[in-house]
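J.: Could you look at this predicted model? Sequence included:
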Amino acid sequence: MSRSKHIVLGVTGSIAAYRAGDIIRRLQDKGFQVSVIMTKEAEKFITPLTLACLSGKEVFRDMFHGEQERSSMGHIELARTADCLLIAPATANTIAKLAHGFADDILTCVALATRAPLCIAPAMNDLMYQNPAVQENCAKLKKNGIKFVDPTKGKLACGVYGEGHLADVENIIESVVRLLHEK
């Protein structure tokens, strides 16, 4: 019997972080194991406890947290065991770090170390998303084979209606499933 696929979900500091719980549940409904990595900024929007309860696993928050303290190579183990790395929501900052090879937190270290396919679902203010630097970073990552689930138009946290709203969770899940079948 084959093992269930392991999805590593990276959650970054966007108001859309609250939707990570729904992403976890829907991935589990498809039979996936889910491990969660949160950036410090994500913790301003949703608690690690919430995501740990939903995933049934410790949430990875920094390079030397919990299990990480017992193994300084915990981030490499996450990278090795991932069948897919999904970053949802992905901020402009995280996208820029990945586009330029920065590895200054556990999420970016795992992203650089994994050989699993990477799927990014951006969420940010429409003006940020439309900024030429952000668009260049997205284009660079797409050129390197990273799958994007583009944001939609919707009401944003700042109160305006524009492109930057996290894609529908079902579209994100479908993209992960398709990506795993292409692998």
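T.: Thanks, I have it. Numbering: from 1, shown residues only.

J.: all strands for the chain, in order.
T.: With strands called from DSSP state E, the chain shows them at 6-11, 33-38, 59-60, 84-90, 118-122, 147-148, 152-155, 161-165.

J.: lowest-confidence helix or strand of the chain?
T.: helix 67-70 (a mean of 49; mean pLDDT, DSSP states H and E).

J.: circling back: dump the strands of the chain to a markdown table, plus distance to residue 137, mean neighbour count and mean pLDDT.
T.: For the C-beta atoms, the positions are set from N, CA and C on the backbone; glycine is no exception. Shown next, in a markdown table, are these (distance: least, CB to CB, whole Å; neighbours: other CB atoms under 10 Å; pLDDT from 0 to 100):
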| stretch | distance to residue 137 | mean neighbour count | mean pLDDT |
| --- | --- | --- | --- |
| strand 6-11 | 16 | 26 | 98 |
| strand 33-38 | 20 | 23 | 97 |
| strand 59-60 | 24 | 23 | 94 |
| strand 84-90 | 10 | 27 | 98 |
| strand 118-122 | 10 | 26 | 98 |
| strand 147-148 | 11 | 18 | 98 |
| strand 152-155 | 19 | 13 | 91 |
| strand 161-165 | 15 | 19 | 92 |
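
J.: Can you spell out which helices and strands pack onto the longest helix that the chain contains?
T.: Counting residues, the longest helix found in the chain (DSSP state H) is helix 169-182. On a contact count with 3 or more CB pairs under 8 Å, 6 or more residues apart in numbering; DSSP states H and E, helix 169-182 meets helix 20-29, strand 84-90, strand 118-122.

J.: would a markdown table of these with distance to residue 130 be doable?
T.: Shown next, in a markdown table, are those (distance: least, CB to CB, whole Å):
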| stretch | distance to residue 130 |
| --- | --- |
| helix 20-29 | 24 |
| strand 84-90 | 16 |
| strand 118-122 | 11 |
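
J.: Can you say which of the ones you listed is nearest to residue 78?
T.: Within those, the stretch nearest residue 78 is strand 84-90; the backing value is 8.8 Å (CB to CB).

J.: who's in contact with stretch 10-20?
T.: 9, 36-42, 44-46, 51, 85-91, 93-94, 107, 110-111, 123-124, 157, 165-166, 169 (CB atoms under 8 Å, 6 or more residues apart in numbering).

J.: one more time with 6 Å
T.: Outside stretch 10-20, the residues within contact range by CB atoms under 6 Å, 6 or more residues apart in numbering are 37-39, 41-42, 45-46, 87, 89-91, 94, 107, 123, 157, 166.

J.: same question, stretch 22-37
T.: 4-10, 51, 54-55, 57, 59-60, 88, 106-107, 169, 173.

J.: repeat for stretch 161-173
T.: The contact list for stretch 161-173 (CB under 6 Å, 6+ apart) reads 16, 19, 22-23, 26, 88-89, 121, 123-126, 129, 149, 151-156.
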